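>>> Sequence and predicted model, in that order:
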Amino acid sequence: MTSPGKPGDPAAAVLRVGVLGAGVVGSQVIRLLLEQADDLAARVGARVELAAVAVRRPHRHAEVPAGLLTDDAAAVVADPSIDVIVEVMGGIDPTRELLLTALRRGASVVTANKALLAEDGPTLYAAADAAGADLYFEAAVAGAIPLIRPLRESLAGDRISQVLGIVNGTTNFILSAMTATGDSYELALKEAGRLGYAEADPTADVDGFDAAAKAAILASVAFHTRVGAADVHREGIGAVSAADVAAATEIGCVIKLLAICERNGGAAPGGAADGGAAAGDDVVADETESVSARVHPVMLPNTHPLARVDGAFNAVYVQAESAGQLMFYGPGAGGAPTASAVLGDLVAVARNRVAGGRGPRESAYADLPLRPFGEVPTRYYVSLDVLDRAGVLSAVASTFADGGVSIATVRQQGRGDDASLVLVTHAAPEAALAATVDKVAALDVVRSVASVMRVMGEVQ
Ligand SMILES: NC(=O)c1ccc[n+]([C@@H]2O[C@H](COP(=O)([O-])OP(=O)(O)OC[C@H]3O[C@@H](n4cnc5c(N)ncnc54)[C@H](O)[C@@H]3O)[C@@H](O)[C@H]2O)c1
Ligand SMILES: N[C@@H](CCO)C(=O)O
Ligand code: NA
C-alpha cells in the first residue's frame, strides 16, 4: 500500500489490485471496481486502484483500461507494488503456484476458485499465515450468497451440526425442470444448455464435482476440520429418471442434489435451544464425534425449506446448536452476482490492510475424524416391481431385517404385472442399506427395482 497524499489522510492511501482473469466473473469485477471507485475508497479508507489484469488473450477486453492487460499472470502476482490479487481465472494449475507466489510475498488473495480451495486449501492458508496475508473466498461457494463470512465469523461462537446446500444452479435447474414437466434428464439437460445454464461440457456440474468442492469448503469452515474434495462422497444427477421424479411427487417430495455436511456424535444434537429438531433421524447421536460430507440426489419432503428452491437458485440451510435453523438463499452464479461477493471480500481485505491487521485465518483446530460414507446413517426410499403372490412382503421384509435395516413405511400397490412395493427405511449405515437393496433386488419375487433414492426428513 502506498500513501502519496497528506500524512494521516487515509483516503489518500492507494491499494493496488491485480486481477487474474476477465471472463464471466472477472469482467464484472473490473466493471464494478472502476464504476464504484469513489464509494470503495470511502468504504475502505484508501483508493482501490486496478493495477493489472491478466488474461489468456489480451487483445479482446474492451472493459479493461488501456495498458493494464497482460497475458503474464506470473508477473502480476510477483509485482511487489500490488497489494491484493483477485483470482477469477479458475483451474488448479498454474493457479495454485500463482496464488502461492502472491501470498508468500505478503499480498492478500481474494478467490472464487472452489476447485483449488477444495483440492489444496491448507497449502494456501499456510502460505497466507506465514506471510500474515488474507485469504478470502466468499464467491467460491454459492456465488453472491453471503455464506463463508457468516460461517467463519457470525457463527464462530456457535456449534454447527448440519449444513445442507443446494449449491449448484445447473443441476437444480435440471431437477426443477424434470419435476415441473415430467421430462427425462436428457431433455432437461438439453434445455439447460439452450438457456445458457449448462456449460458445453456440463460434467463438473451434473456429475457433482462442483457441489463436492463446495461441500468440502463448507464442511471445513463449519466444523473447524480439514475436509478436501477427495473426502466428499459424490454422486451426480445422471441416473435420476423421470420415474424417480414421479415417485418423489407421489410421496410428497422433490428430488434435489444436496451437499450434506454433518457432525455426528459428541454432544447430542438438540441439546440446546430447539436446534436439534430439524436434524430429525438423519443425524445420529453416538459417542464418537465425527464429520461427514457428501453430495448425492435425495428425496426431500415438500415441507423442507430447501424443497421450494427452484431453477438456478442456490440455498444453504444451516443448523447450529444455539442459533437454530438458518437459511441463506440467492443467486449462486453469474457474472455480476459472483462479482458482488468478490468485491465484498476485496473491501474486507483492503480494510484489514488499512487497519494493519488481518481477517480470520484457517480454523482447523477441532480436527474431527471423517466418517467413511459407508458408516454414515442414511435412509432409503425403495420402489420394487414384484410378483403378485403370497409371501412377497414377508420375503422382502425379512431381507431388510437380516440386513439390520428397519422399515419405516411400506405400501403395496397394483395387481398382477403392476404389483409393486414401496418402502421407506429408518436410518441405517449407508453400506448396510446398499447391500440390503442388492439382496432384495436378487430375490425371486422381485421383478425389478423401479427406484432407489436416499431420503431426508419425514416422508408420507
Ligand atoms: N461463472 C460463475 O458464475 C462463477 C460463480 C462462482 C465461482 N466461479 C469461479 O470463478 C472463476 C472464474 O470463472 P468464470 O466463469 O469467470 O471463467 P471464464 O472462463 O469466463 O474466465 C476465465 C478467465 O481467466 C483467464 N485465464 C484462464 N487461464 C489463464 C491463465 N493461465 N493466465 C491468464 N489468464 C487466464 C481467461 O482468459 C478468462 O479471462 C472459476 O474459478 C469459477 O469456478 C464462477
Ligand atoms: N456451474 C456452477 C456455477 C457456480 O459455481 C453452477 O451451476 O452453480
Ligand atoms: Na458466497
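Arrived safely. What you are looking at is a predicted structure, and each value in this text was computed from that prediction instead of being measured. Ligands and ions are numbered 1, 2, ... in the order given.
>>> How about the residues of the stretch 51-200 of the chain by ligand 2?
Within the stretch 51-200 of the chain, the positions near ligand 2 by CB under 6 Å from any ligand atom are 143, 168, 169, 170. Backbone N, C-alpha and C define where each C-beta goes, glycine included.
>>> which phi and psi does the first one have?
Backbone torsions for residue 143, taken as degrees, to the nearest 10, come to phi 40, psi -120.
>>> was I right about it contacting residue 342?
No. Residue 143 is beyond contact range of residue 342, at 9.7 Å (criterion: CB atoms under 8 Å).
>>> Between those two, point out the one with more neighbours.
residue 342 (29 against 26; other CB atoms under 10 Å).
>>> do you know how far the more buried one is from ligand 1?
Noted for residue 342: a distance of 8 Å to ligand 1, by CB to the nearest ligand atom, to the nearest Å.
>>> Was I right to think that residue contacts residue 30?
No. The pair residue 342 and residue 30 does not pass the contact test of CB under 8 Å, sitting 10.3 Å apart.
>>> got a list of what the residue of the stretch 251-400 of the chain found nearest ligand 3 touches?
Nearest to ligand 3, among the residues of the stretch 251-400 of the chain, is residue 341, at 4.8 Å (CB to the ion). By CB atoms under 8 Å, 6 or more residues apart in numbering, residue 341 lies in contact with 112, 138, 139, 143, 144, 145, 146.
>>> which stretch of helix or strand covers it?
helix 335-355 (DSSP states H and E).
>>> Where does the prediction get shaky in the stretch 251-400 of the chain?
Along the stretch 251-400 of the chain, segments meeting pLDDT under 70 span 267-287.
>>> What parts of the protein come near ligand 1?
Neighbours of ligand 1 within the chain, by CB under 6 Å from any ligand atom: 20-26, 54-56, 73, 88-90, 94, 112-114, 139, 143, 333-334, 338.
>>> Restrict these to those that also contact ligand 3, please.
With CB under 5 Å from the ion as the criterion, the residues of the chain next to ligand 1 include none near ligand 3.
>>> Show me which of those are buried.
20-22, 25-26, 54-55, 73, 88-90, 112-114, 139, 143, 333-334, 338 (16 or more other CB atoms under 10 Å).
>>> Narrow those residues to those in strands?
Judged by DSSP state E, the subset of those located in strands is 20, 54.
>>> in its sheet, what does whichever helix or strand comes after the helix holding residue 341 sit against?
Once the chain leaves helix 335-355, the next helix or strand it forms, by DSSP H and E, is strand 377-386. As defined by DSSP bridges, the strand partners of strand 377-386 come to strand 420-425 (antiparallel), strand 428-429 (antiparallel), strand 446-455 (antiparallel).
>>> Of all these, which one is nearest ligand 2?
Each of the strands paired with strand 377-386 has some distance to ligand 2 by CB to the nearest ligand atom; the shortest is strand 446-455, at 21.4 Å.
>>> Contact distance from ligand 2 - what residues of the stretch 251-400 of the chain qualify?
332, 333.
>>> Most proximal residue of the stretch 251-400 of the chain with respect to ligand 1?
residue 333 (3.3 Å).
>>> just to revisit the earlier point, out of the contacts of residue 341, who's nearest ligand 2?
Closest approach to ligand 2 among the contacts of residue 341 (CB to the nearest ligand atom): residue 143, at 5.7 Å.
>>> what pLDDT does that closest one get?
Reported pLDDT at residue 143 in the predicted model: 95.
>>> residue contacts, it?
So residue 143 contacts 314, 330, 331, 332, 333, 334, 337, 338, 341 (CB under 8 Å, 6+ apart).
>>> ok, 10 Å please
By CB atoms under 10 Å, 6 or more residues apart in numbering, residue 143 lies in contact with 25, 112, 167, 169, 314, 330-342.
>>> Repeat that for residue 102.
Residue 102 touches 18, 20, 73, 76-79, 82-85, 87, 108-109, 124, 127-128, 131, 133, counting by CB under 10 Å, 6+ apart.
>>> Filter the residues you listed down to the ones in helices?
Judged by DSSP state H, helices contain the following of the contacts of residue 102: 73, 76, 77, 78, 124, 127, 128, 131.
>>> from those, which is closest to residue 368?
residue 124 (21.2 Å; CB to CB).
>>> ok, now how distant is the closest one from ligand 3?
18 Å (CB to the ion, to the nearest Å).
>>> Please read off the pLDDT at that residue from the model.
pLDDT at residue 124 comes out at 98.
>>> Residue 198 too?
Here, the pLDDT recorded for residue 198 equals 86.
>>> sec struct for residue 153, please.
Assigned with DSSP: H, G, I helix; E, B strand; the rest coil, residue 153 falls in the helix class.
>>> still on that earlier bit, chain center to the helix holding residue 341: distance?
20 Å (CA atoms, centre = their mean, to the nearest Å).
>>> Restrict it to CA atoms and write it as CSV.
Only the C-alpha atoms of helix 335-355 are listed here, as CSV (Å, rounded to 0.1, in the frame of the first residue of the first chain):
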residue,chain,number,x,y,z
GLY,A,335,-21.0,-12.6,-13.5
ALA,A,336,-22.5,-9.7,-11.5
PRO,A,337,-23.7,-11.7,-8.5
THR,A,338,-20.4,-13.5,-8.2
ALA,A,339,-18.6,-10.3,-8.6
SER,A,340,-20.6,-8.8,-5.7
ALA,A,341,-19.1,-11.5,-3.4
VAL,A,342,-15.6,-10.8,-4.8
LEU,A,343,-15.9,-7.1,-4.3
GLY,A,344,-17.2,-7.7,-0.7
ASP,A,345,-14.1,-9.7,0.0
LEU,A,346,-11.9,-7.1,-1.7
VAL,A,347,-13.3,-4.4,0.6
ALA,A,348,-12.8,-6.6,3.6
VAL,A,349,-9.1,-7.4,2.9
ALA,A,350,-8.5,-3.8,1.9
ARG,A,351,-9.9,-2.6,5.2
ASN,A,352,-7.7,-5.1,7.0
ARG,A,353,-4.6,-3.8,5.3
VAL,A,354,-5.6,-0.2,6.0
ALA,A,355,-6.1,-1.1,9.7
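>>> which parts of that helix are buried?
Buried residues in helix 335-355 (16+ other CB under 10 Å): 335-353.
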